[in-house]
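Student: here's my sequence, what's the structure:
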Amino acid sequence: MRVVAGTLRGRRIESPKSRTTRPTTDKARQATFNALGSLGVIEDAVVVDAFAGSGAMGIEALSRGAQHCTFIENDREALAVLQANLEYLGLRDRSTVVRGDALARLDQIANATLVIADPPYEFNRWAELFARANGELVVAESDRELETENPPITGWEAIRVKRYGRAFVTFFQRLA
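Tutor: Numbering: from 1, shown residues only. A predicted model of the protein is given here:
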């Protein structure tokens, strides 16, 4: 896996070997960040990469001009790979790594402008995630369309939905 654009374009990102993480494909990551760039929300953003895994999504944001990224990850092996990726890419000064459950830690990051949530596909606590998310925009990757979730996601509007193979990437904007 590689960084697809920005100052770190082409640099390698390692992935955990375990099956507990499911990396976003390069194609989906590129399309997602191209769309975020066209919305003008990446430059100087304060990003949270919840369920970070290798950190590829947050690293892509930093490569494209985000100011800072907080990575939240619970899996020990993924954390080791994430830390190594940040060190290798020289991103330690623009990142914070938090070990723990993303839902338990998400609302502790008050200054986020963009939240990226790519939990395991069996994840079913979306309403809770959105209730805890600080920021104006959430990018959610799931194995299903999230507008039909039960319980429903309240206080947010889906402004973009794209499917990449099994993955649905949905942009949600906070309602005023």
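
Student: using the three-state scheme, assign the residue most central in space within the chain.
Tutor: The residue lying closest to the centre of the chain (CA atoms, centre = their mean) is I116, at 2.7 Å. With DSSP: H, G, I helix; E, B strand; the rest coil as the basis, I116 sits in strand.

Student: beta partners for it?
Tutor: D49, V139 (DSSP bridges).

Student: surely it meets A50?
Tutor: Yes. Counting by CB atoms under 8 Å, I116 touches A50, with 6.7 Å between them. The C-beta positions use only the backbone N, C-alpha and C, and glycine is treated the same way.

Student: ok so, going back, which ones are touching the residue nearest to the centre of the chain?
Tutor: The neighbourhood of I116, defined by CB atoms under 8 Å, 6 or more residues apart in numbering, consists of 47-50, 57-58, 61, 138-139.

Student: give me the distance between it and I42.
Tutor: As judged by CB to CB, to the nearest Å, I116 and I42 stand 11 Å apart.

Student: mutual contacts of those two, please.
Tutor: With CB under 8 Å, 6+ apart as the test, I116 and I42 both reach A61.

Student: who touches R132 in this structure?
Tutor: Contact analysis of R132 by CB under 8 Å, 6+ apart lists 103, 106-107.

Student: can I get the contacts of I116 in CSV including neighbour count, pLDDT and distance to A127?
Tutor: Below are the contacts of I116 laid out as CSV (neighbours: other CB atoms under 10 Å; pLDDT from 0 to 100; distance: CB to CB, whole Å):
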residue, neighbour count, pLDDT, distance to A127
V47, 30, 97, 22
V48, 31, 98, 18
D49, 31, 97, 21
A50, 29, 97, 15
M57, 26, 96, 22
G58, 30, 97, 24
A61, 29, 98, 25
V138, 26, 96, 12
V139, 23, 96, 17
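
Student: closest to T154 among these?
Tutor: Among these, V138 lies closest to T154 (CB to CB), at 13.0 Å.
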